[in-house]
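Engineer: Everything below, folded, please.
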Amino acid sequence: MKNRHSRFRFFPLLVLFPLLALCHCSLSGVTCWDSGAEQPGRGCGALETLVCRVTAAMKEGTPLAGDLSVTYPFDGSLFPAEMASPTVTWRDGDRRTRCWLLSVAFGSGRKPLYVLTDVMSWTPDRKTWETVKAQSRDTEVWLTVFALSDREPGTVIAADGVTFGVSADPAGDTVFFRQIPLPFSVASRSFEKTRWRLGDIASYEKPATVMTGQRVCASCHAFSADGRWMSMEYNLGGDNGAQFIAEIRPDMVLGKEEFFSWSDYPRGGLLPPTRGLFGRMSPSGRYAAASVNEISFATVMDDLDYCQLFFPTYGVIAVYDRKFRTIRLLPGASDYGLVQANPAWSPDERSVVFCRAKTRNEVHRDLRNVNTVVEKRSIHELNALYPMRFDLYRVPFNGGEGGVAEPLEGASENGMSNYFARYSPDGKWIVFTKSPTGIMLQPDSALWIIPAAGGKARRMTCNRGAFNSWHSWSSNGRWLLFSSKANGPYTEIFLTHVDEEGNDTPPVILTRFNEEGYAANVPEFAPIAPGGIRSIRVTGS
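Structural biologist: Next up is the predicted model:
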């Protein structure tokens, strides 16, 4: 049983109390009372009476017999200034409990809010949440849940509490992300079910679907720093190497002139067609970098939790120049004796960080016929059979002339796999993913942060219990999006605040971005307004 009574010292009127018989929970639904409001709401008189007639407070530290735990928000989390209300949730394993009293108290000194409910969740309405946000700037909010006995009216069985705050920093951007059904074997047979959505974290509505129904694979995407350009890998006319870079407009109808193909890069020998693995547009929108001449190892499993093992075993990095419509190798990241992948641009486009490892073509059964393998073994068994570890390297871009690649201190030669580097917009930090092996969809993956020049790595506070990756910085550099499987097989999108010293907070969940039966993944902050993209349609696909 959890005992966190130290959290309740802020509630002199609500410390583990017995209640009068009138407090017996016979309600259905939710009753709220804002004790700090000038005019109390209608229908909250009984709740006001309940709170006001609290008597015989138990001493702080007195043990309780119940089993109650607040599951969200996470203790110490920070919400963006404009974010819509979250859903407070808790677990209670005591069958004697049928209703719960919530207290929301403010460090500002304002009188608390109280809620009485018969379900184990509460979503504040817009007005209530705006009150909470207004009272939580530069101070904490204390949320406490009290379990009330059904068999013994007036008895508190258990209590638990968390603190949270609201940042003065807005997120500022919208969120572009993908929703896909699971497992991967299902998604790959029904691409038309994939939904691409543009979400506004301030909205109380579901994010707008801007692209769906396409019968081809679309994947990695990016936005230019000024919000003018958008890029996405998109199978055009059967070309898996196709990628577009297009100007953003409300209704985007894209033709062949806005596409280029990594497949145009020359190949030789037994190499399969180039698809431009992990293609990434530069911050200005002029360039894109990706692996070419690549060979990849891919397996699929009929497993909701981890349905794919994938990593490149061979490849070099090339750069596409939109101005001259050329593709050429990037010296320093073009050693055919190694595998180089997953490029990330610095904000000033002066350097590229990428992951590198020894080639592993020996894992393929037949290099003349590299295909996806169907497996019945788990991700853990496959990781043991096919360990693949990458180090992060940085190479000067130098207008495409490249230079000498150097290992990034803190994200290389550490006995782990390091990948998915992302620079902060001010160029001060790099957040990357680290796991014992692999490059994507790894159960033990976690987010780490280092100075952009390299240095001591710190595991970020925002990491949840399973799979933390696919991250993106907000334009103002104060927020980081990422995906996690902490709450089940379907990835959700989380958001953490990062201060000037690189310290982050326990995250908040973008629950309105969830859809039953779909994983929400590859989230990207987009520096465009809500409604800045209403639809995306590709002709000739």
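
Engineer: Point out where this protein drops to low pLDDT.
Structural biologist: Regions of the chain meeting the criterion pLDDT under 70 cover residues 1-28, 38-65, 152-154, 187, 541.

Engineer: list the contacts for the spatially most central residue of it?
Structural biologist: Closest to where the C-alpha atoms of the chain average out (CA atoms, centre = their mean) is F482, at 2.2 Å. Neighbouring residues of F482 by CB atoms under 8 Å, 6 or more residues apart in numbering: L447, C462, N468, S469, W470, H471, S472, I493, F494, T496, P507, P523. C-betas here are computed from N, CA, C, even on glycine.

Engineer: gap between the residue nearest to the first one when sequence neighbours are not counted and I509?
Structural biologist: Put plainly, it is L447. Of all residues not flanking L447 in the chain, M460 sits nearest, at 4.5 Å (CB to CB, 6 or more residues apart in numbering). Using CB to CB, to the nearest Å, one obtains 16 Å as the distance from M460 to I509.

Engineer: List phi and psi for T511.
Structural biologist: When read as degrees, to the nearest 10, the backbone of T511 gives phi -70, psi -30.

Engineer: Could you tell me which of the contacts of F482 belong to strands?
Structural biologist: Per DSSP state E, strands hold the following members of these: L447, N468, S469, W470, H471, S472, I493, F494, T496, P523.

Engineer: Just to check, the first one is in contact with S469?
Structural biologist: Yes. With contact defined as CB atoms under 8 Å, L447 and S469 form a contacting pair (7.2 Å).

Engineer: The two: which has the busier surroundings?
Structural biologist: Taking other CB atoms under 10 Å, L447 and S469 do not tie; L447 has more neighbours (27 against 24).

Engineer: which residues does that one bridge with?
Structural biologist: For L447, the beta-bridge partners are T433 (DSSP bridges).

Engineer: joint contacts of L447 and S469?
Structural biologist: Common neighbours of L447 and S469 (criterion: CB under 8 Å, 6+ apart): T433, F482.

Engineer: show me the contacts for the residue nearest to L447.
Structural biologist: Counting by CB under 8 Å, 6+ apart, M460 touches V431, A446, L447, W448, I449, T496, D504.

Engineer: Name the member of those with the most neighbours.
Structural biologist: L447 leads the contacts of M460 on contacts (other CB under 10 Å) with 27 neighbours.

Engineer: Surely E192 is in a helix?
Structural biologist: Yes. Under DSSP: H, G, I helix; E, B strand; the rest coil, E192 sits within a helix.

Engineer: Just list the residues touching it, thanks.
Structural biologist: Residues near E192 by CB under 8 Å, 6+ apart: T212, G213, Q214, R215.

Engineer: who's in contact with the second one?
Structural biologist: Contact analysis of G213 by CB under 8 Å, 6+ apart lists E192.

Engineer: how about the contacts of F482 in a markdown table, adding distance to F259?
Structural biologist: Converted to a markdown table, these look like this (distance: CB to CB, whole Å):
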| residue | distance to F259 |
| --- | --- |
| L447 | 33 |
| C462 | 36 |
| N468 | 33 |
| S469 | 28 |
| W470 | 24 |
| H471 | 27 |
| S472 | 24 |
| I493 | 28 |
| F494 | 33 |
| T496 | 35 |
| P507 | 36 |
| P523 | 24 |
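
Engineer: list the contacts for I245?
Structural biologist: W229, M230, S231, E258, F260, M281, G285, A288, R322.

Engineer: what's the answer for I509, then?
Structural biologist: Residues counted as contacts of I509 (CB under 8 Å, 6+ apart) are Y72, P86, E492, I493, F494, L495.

Engineer: And it, how far from T163?
Structural biologist: Distance from I509 to T163, counting by CB to CB: 17 Å.

Engineer: Check R365 too.
Structural biologist: 55 Å.

Engineer: higher neighbour count, those two?
Structural biologist: The residue with more neighbours, out of R365 and T163, is T163; 19 against 8, by other CB under 10 Å.

Engineer: which residue packs closest to the more buried one, ignoring adjacent ones?
Structural biologist: Nearest one to T163, counting by CB to CB, 6+ apart, is E140 at 4.7 Å.

Engineer: wouldn't that neighbour be in contact with V166 here?
Structural biologist: No. The criterion here is CB under 8 Å, and E140 misses it with V166 at 9.9 Å.

Engineer: Compare neighbour counts for the two and give me the winner.
Structural biologist: For E140 and V166, the more surrounded residue by other CB under 10 Å is V166, and the numbers stand at 23 against 17.

Engineer: shouldn't that one be in contact with E82?
Structural biologist: No. Counting by CB under 8 Å, V166 does not reach E82; the two are 9.7 Å apart.

Engineer: residues in contact with the residue nearest to T163?
Structural biologist: G107, T163, F164, G165.

Engineer: Phi, psi for the last one please.
Structural biologist: Comment: the main-chain dihedrals of G165 come out as phi -150, psi 170, following degrees, to the nearest 10.

Engineer: hmm, back to that, what's the spacing between the residue nearest to T163 and G438?
Structural biologist: Separation of E140 from G438 (CB to CB) stands at 38 Å.

Engineer: swap in E82?
Structural biologist: Distance of E82 to G438, computed by CB to CB: 36 Å.

Engineer: What about the residue nearest to G29 when sequence neighbours are not counted, how many residues nearby?
Structural biologist: Of all residues beyond its chain neighbours, the one nearest G29 is D118 (6.9 Å), with distances taken as CB to CB, 6+ apart. By other CB under 10 Å, 16 other residues sit near D118.

Engineer: isn't D118 right next to T31, touching?
Structural biologist: No. Using CB under 8 Å, D118 is not in contact with T31; the gap is 9.6 Å.

Engineer: could I get the strand or helix carrying F311 in CSV with only the CA atoms?
Structural biologist: In this structure, F311 sits in strand 308-321 according to DSSP states H and E. Extracted C-alpha coordinates of strand 308-321, given in CSV (Å, rounded to 0.1, in the frame of the first residue of the first chain):
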residue,chain,number,x,y,z
GLN,A,308,8.8,-5.6,-36.2
LEU,A,309,12.6,-5.8,-36.0
PHE,A,310,14.4,-3.6,-38.5
PHE,A,311,17.9,-2.2,-39.0
PRO,A,312,20.1,-1.3,-42.0
THR,A,313,23.1,-3.5,-42.6
TYR,A,314,24.8,-1.5,-45.3
GLY,A,315,24.6,2.0,-46.7
VAL,A,316,26.1,5.5,-47.2
ILE,A,317,24.6,8.9,-46.8
ALA,A,318,23.8,11.1,-49.7
VAL,A,319,22.4,14.7,-49.9
TYR,A,320,19.7,15.9,-52.3
ASP,A,321,19.9,19.6,-53.3
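
Engineer: Now the element after that strand, going C-ward?
Structural biologist: strand 326-329.

Engineer: buried residues in that following strand?
Structural biologist: By 16 or more other CB atoms under 10 Å, the buried positions in strand 326-329 come out as I327, R328, L329.

Engineer: Could you do stretch 112-132 as well?
Structural biologist: Buried residues in stretch 112-132, counted by 16+ other CB under 10 Å: 112-118, 120, 122, 124, 128-129, 131-132.
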